[in-house]
Every structure is written in C-alpha cells, then in structure tokens.
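In: need a structure here:
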Amino acid sequence: NLPEYKLSPGVKIVAECVVAKGKNFFNIPVSIHVRSCGICSKRSSTYFEGTLQLRNVSDEIIKLVEDFLKQKNAFVNKETIVKNGVDLDVTSQKHIQTLGIKLRERFGGVLKISPRLFSQDHFTSKNIYRVNVYYEAVPFKEGDVVKVDGFILRITKMGRMLRGINLIDCKK
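Out: Sure thing, here's the model as predicted:
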C-alpha cells in the first residue's frame, strides 16, 4: 500500500513492496521517479527553437496561429509586444516555418525565413540553428478596392501573388 502522493514532475517516492511467493514473503525496495514527457517539459521552460514575428496582423490571423500551434503541440514560451505586432518564441522551428508559408498562401503578405547559428551539439558536432520567421500582413483583404500605380483594382485572390481586376477596363 502506497500512501497518497501528489504525482508531479520532480517527485521521488521511495517505498517497500511486499511480494509473496508460495509461503515466503519478500520485502523489495521500490523507487519511483515522476517525470514529464518531452513535449510537456518544453511547455514550462524557457526553451525555444525559433521566433515567429507577426506584424500588422488581424484577429483572424492570430486565431489561426493559436489554433495551429495548439494542434501541433508547439508551445509559445515567451510573447513580446512590439510596434505593429508581436514576437512569439515557439518550441518548434519546423512548425513555425510551415505556419509562415500557410499564412502567406492564405492571406498574402511578406514572409522572410532566416536561420541563425545558435550552437553546436557537443556529441555529434552538428550545428544547431534557431529560426526567425517574419510575417507581415498586407493592409487589405479579398474584395477590397485599392489603387496601384494609377489603376483602381478589386482584389480577387490573396496568396503568394495577389490577383485583381482593373475596375475601369475589367482586365486582370
């Protein structure tokens, strides 16, 4: 019988277990070390692999970012408010790169992905990189009318390339 313990990471329980084999009883010492999984341990630390820099983003984009990171078990360990946006330190560089590409394809805008050498693995001598993903949203959305180089255009498609129709002569 083990007494009630709060099983949280870092707890070590030392007890004795009585085992019966036939008519003989044996006392066996038991040591239990409670640890958290690799994913959960990243949540409560300052560990991060990359920074997602969001500029001029709408509430819709922020909601998409939160949902995507939650779905992929990538955690935001630090949030810094800056002029025109926010910087998020995220635990997975792979997921923020994917997210940046997804944001540009869906909403258009500027995307810059820049790795920087952070350290070197002491066992394998491989370089360890952190990644900055900079995304700046455009100030308009599909259906908006904008003036570009003297032309009045209605935006028909957002993505890597913006598409629009000239409202004067109805050409793409």
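In: residue 60 and residue 141, how far apart?
Out: Residue 60 sits 9 Å away from residue 141, going by Cβ to Cβ, to the nearest Å. All C-beta atoms are positioned from the backbone trio N, CA, C, and that covers glycine.
In: ditto for residue 96
Out: Here the criterion is Cβ to Cβ. By it, residue 96 lies 23 Å from residue 141.
In: what's the answer for residue 17, then?
Out: Using Cβ to Cβ, residue 17 is found at 64 Å from residue 141.
In: what's the weakest-modelled helix or strand in the chain?
Out: Within the chain, confidence by mean pLDDT, DSSP states H and E is lowest for helix 38-43 among all helices and strands, at a mean of 63.
In: identify the residues contacting whichever helix or strand comes after that one?
Out: Later in the chain than helix 38-43, the nearest helix or strand by DSSP states H and E is strand 50-55. Here strand 50-55 makes contact (Cβ atoms under 8 Å, 6 or more residues apart in numbering) with 61-62, 65, 82, 84-90, 92-93, 96-97, 99-100, 130-137.
In: for the spatially most distant residue from the centre of the chain, list the residues it contacts.
Out: Relative to the centre of the chain, the most outlying C-alpha is that of residue 23, 57.9 Å out, by Cα atoms, centre = their mean. Neighbouring residues of residue 23 by Cβ under 8 Å, 6+ apart: there are none.
In: next one: residue 71
Out: Counting by Cβ under 8 Å, 6+ apart, residue 71 has no contacts.
In: can you map out the strands along this structure?
Out: 12-21, 24-33, 50-55, 76-82, 85-90, 110-120, 127-136, 145-148, 151-157, 163-166 (DSSP state E).
In: out of those strands, deepest packed?
Out: Stretch with highest mean neighbour count among the strands of the chain: strand 50-55 (a mean of 22; mean count of other Cβ atoms under 10 Å).
In: tell me the angle of it relative to strand 85-90?
Out: Counting by axes from the mean of the first three to the mean of the last three Cα atoms, to 10 degrees, strand 50-55 lies at 160 degrees to strand 85-90.
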